[in-house]
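predicted structure and sequence below. I'll ask about it afterward.
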Amino acid sequence: MEVKTTEMAGAAVLAGVTKSYGTVRAVNGLDLRLDQGKSVALLGPNGAGKSTTIAMLLALLAPDSGTVEVLGTSPERAVRDGRIGAMPQSGRLISGVTVRELLAFVRRSYAAKARARAKAVPPLDELMRATRVTDLARRRADQLSGGQAQRVRFAIAIAGAPELLVLDEPTTGLDIEARRELWASVRAYAAQGGTVLFSTHYLDEADAHADRIVVIDRGRVIADGTSDDIKQRVPGRTVSFDLDGSMGTLDGLPGVVSSEVRGNRAKLHTTDSDATVLALAGAGAVRNLEVTGAGLEEAFLTLTGSQEDAR
Amino acid sequence: MIVHYIRLEMLRLLRDPGYLVLSLVSPLTMYLVFTNLDLTGESGHQGAAAYAMVGMAGFGAVGAVMGNGVAIAEDKPLGWIRQLRLLPLRPFEVVVGRTLTAMVGTVPPIVSVCLAGALVNDVSLSAAQWASVLVLLFVGIAPMAVLGIGVGYLLTGQQAQMAGLVCYMGLSLLGGLWVPIAKFPGWLEHVATATPINRYGELSWRVTDGNAPTVTGVLVLAGWAAVFAAFAVYGYRCSSRTV
């Protein structure tokens, strides 16, 4: 659990937050504190409660119970004051306006609020340059490719030079080049001291772009730490092989976080597949050996160790 | 800020081909055709051309505000309504801004049909009457504009299109925008006088006939405005409960 620092208001503080849709509990007693100026990844499989958590931070949803505080105030207030920028998970751009017209409107709505707080938002041309949409300025917003649209959506999110930037699975549906560009823009924003929260279901993305990784599953935090901490706990690979007679305990092997045996085939969830394979080779247990990247869903099931209520 | 929002939505509205057809081309065409087909049975009458002029200008205005409702419904799956909730705008500003956008969108049909009335059909009114008619056609559409907002927030695009069509065609016909309700069977005429669009048209018909709008008419319209405002608030609340 985390140490509470009381001097500085966190960028966001969630305490005992729950949210249900009908009988499905999407967020289940979530406690989370984001410090200002850090990049934090919310890592979890589909349905883990990432989007619901983000929706509550953005005042799109109200929690059933618990409290959500953003930038020392309520999420509604933080959004209304223009202190948050957000890129929701899905969403297309509207028809009938050019990219420039759309961004000019968004920037102006932030600019008015910023003036009230004696701050300023960057000029439109600078915003478009920084987000690499200058060449799209005259294009109709609804006629862009996926990567281009995502750049514009990112520009919308940072148009107000927000203190907190929230990105919900920002790279979903993007090709590698578009991903690379997007992360470059996010890093540029973070380098200016902004706080970033992004959700992803890719461990490598969280690893590469976050100072801290918060792993959530079934609506609660199950691991929280630096990338190295998490990689030691979240098995990234699965090593499978045919069991040959009786073996000792499989969990004792290097890197192995958990294991399962089906018939005569063993599956080891490991954080260090090289070490695991070497140890298996040493024991002569390499029949039909196979190393695969573990899906996070699978990895989380082993991490939470609650097979009985697995979906 | 609300001005910037209205300007953005106006741009979108004016570039929407559906808007042009529903609120400009079709009322203007129908006006010119109707006044030459003698549907009111009072051909040659100065009154008939003025009646149809108000009717078709109002018809275009209803088309514009209901089209706005459909546009809102179609914005929802795009995530635009949600995007607006993430910007530093109060929900009030967004809803009022969109209502005003719809109302500004009624200006082209109102002005163009009235121009056609004056220039093509020789409708002659005093300057004060022209001014009153234009203002009443514009201001009086407010209740229907608010209804369009409620429809847009509450319904899906397809449902909104159906609801919009019912209001556009059905309520316009029932309200006497096409044919005077005096031509209806007695019981239907009674029903018609309770509808918002009839009272909307009546405001201006009273003026073209040389009278002032009736208090009853204004009160009925105000009653509908209150009902539609409650409906719009309900629609907005429903839509904001989903992400």
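That came through fine.

buried residues, whichever helix in chain B runs longest. List them.
For chain B, the longest helix by residue count, based on DSSP state H, is helix B:46-75. Neighbour-count burial for helix B:46-75 flags B:48-75 (criterion: 16 or more other CB atoms under 10 Å in any protein chain shown). Heads up, the C-betas are built off the backbone N, CA and C, glycines and all.

wait, doesn't residue B:98 sit right on residue B:72?
Yes - taking CB atoms under 8 Å as the definition, residue B:98 is a contact partner of residue B:72 at 6.5 Å.

need the overlap of contacts for those two.
Common neighbours of residue B:98 and residue B:72, using CB atoms under 8 Å, 6 or more residues apart in numbering or on different chains, are B:149, B:152.

list the contacts for the residue nearest to residue A:109 when sequence neighbours are not counted?
Distances taken as CB to CB, 6 or more residues apart in numbering or on different chains place residue B:87 nearest to residue A:109, at 5.0 Å, with adjacent residues excluded. Residue B:87 makes contacts with A:79, A:82, A:106, A:109-110, as judged by CB under 8 Å, 6+ apart.

pull the number of nearby residues for the residue of chain B found nearest chain A.
The nearest approach of chain B to chain A comes at residue B:79, 2.7 Å away (CB to the nearest CB). Residues within reach of residue B:79, counting by other CB atoms under 10 Å in any protein chain shown, total 19.

which non-adjacent residue is nearest it?
residue A:91 (2.7 Å).

over to that neighbour: give its phi and psi.
phi 130, psi 140 (degrees, to the nearest 10).

from memory it sits against residue B:83, does it?
Yes - counting by CB under 8 Å, residue A:91 touches residue B:83, with 6.5 Å between them.

the more surrounded of those two?
Shown here are residue A:91 and residue B:83; by other CB under 10 Å, residue B:83 has more neighbours (21 against 17).

okay, the spatially most central residue of chain B and residue B:194: tell me how far apart.
The centre of chain B sits closest to residue B:62, judged by CA atoms, centre = their mean, with a distance of 2.4 Å. As judged by CB to CB, to the nearest Å, residue B:62 and residue B:194 stand 17 Å apart.

same question, residue A:270
To residue B:194, residue A:270 is 75 Å away according to CB to CB.

OK, contacts around residue B:229?
Residue B:229 neighbours (CB under 8 Å, 6+ apart): residue B:146.

got it, and residue A:135?
Listed by CB under 8 Å, 6+ apart, residue A:135 has no contact partners.

got the contact list for the nearest residue to residue A:163 once chain neighbours are set aside?
Counting by CB to CB, 6+ apart, residue A:163 lies nearest to residue A:83, which is 4.9 Å off, once chain neighbours are set aside. Neighbouring residues of residue A:83 by CB under 8 Å, 6+ apart: A:70-71, A:160, A:162-164.

out of the contacts of residue B:87, who's nearest residue A:252?
Lowest distance from residue A:252 to the contacts of residue B:87 (CB to CB) belongs to residue A:79, with 50.7 Å.

hang on, isn't that closest one packed against residue B:83?
No - checked against CB under 8 Å, the pair residue A:79 and residue B:83 is beyond contact range at 11.7 Å.

not counting its neighbours along the chain, what's nearest the residue of the stretch 201-311 of chain A found nearest chain B?
Here the stretch 201-311 of chain A gets closest to chain B at one residue, residue A:219, 15.7 Å apart by CB to the nearest CB. Spatially, and ignoring its direct neighbours in sequence, residue A:219 is nearest to residue A:28 (3.4 Å; CB to CB, 6+ apart).

how about the helices in chain B?
Going by DSSP H, chain B shows helices at B:2-14, B:17-20, B:26-37, B:46-75, B:80-86, B:91-104, B:107-119, B:127-139, B:142-154, B:157-165, B:172-174, B:186-193, B:196-208, B:215-240.

format those as CSV; extra columns: distance to residue A:101.
Shown next, in CSV, are the helices of chain B (distance: least, CB to CB, whole Å):
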stretch, distance to residue A:101
helix B:2-14, 6
helix B:17-20, 17
helix B:26-37, 28
helix B:46-75, 16
helix B:80-86, 14
helix B:91-104, 15
helix B:107-119, 20
helix B:127-139, 26
helix B:142-154, 21
helix B:157-165, 23
helix B:172-174, 33
helix B:186-193, 43
helix B:196-208, 33
helix B:215-240, 25
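
mind putting those helices into TSV with distance to residue A:61 and mean pLDDT?
Compiled in TSV, the helices of chain B are given as follows (distance: least, CB to CB, whole Å; pLDDT from 0 to 100):
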stretch	distance to residue A:61	mean pLDDT
helix B:2-14	24	93
helix B:17-20	33	83
helix B:26-37	41	84
helix B:46-75	20	92
helix B:80-86	11	92
helix B:91-104	15	93
helix B:107-119	38	94
helix B:127-139	38	96
helix B:142-154	17	96
helix B:157-165	23	94
helix B:172-174	39	94
helix B:186-193	43	93
helix B:196-208	35	96
helix B:215-240	9	94
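
nearest to residue A:211, of the ones you listed?
helix B:80-86 (24.3 Å).

what are the buried residues along the closest one?
B:80-86.

try stretch A:54-71
In stretch A:54-71, counting by 16+ other CB under 10 Å, buried: A:54-61, A:63, A:66, A:68-71.

tell me the pLDDT at residue A:273?
The per-residue pLDDT reported for residue A:273 equals 85.

that one contacts residue A:253, doesn't it?
No - Residue A:273 lies out of contact with residue A:253 (CB under 8 Å); the separation is 10.9 Å.
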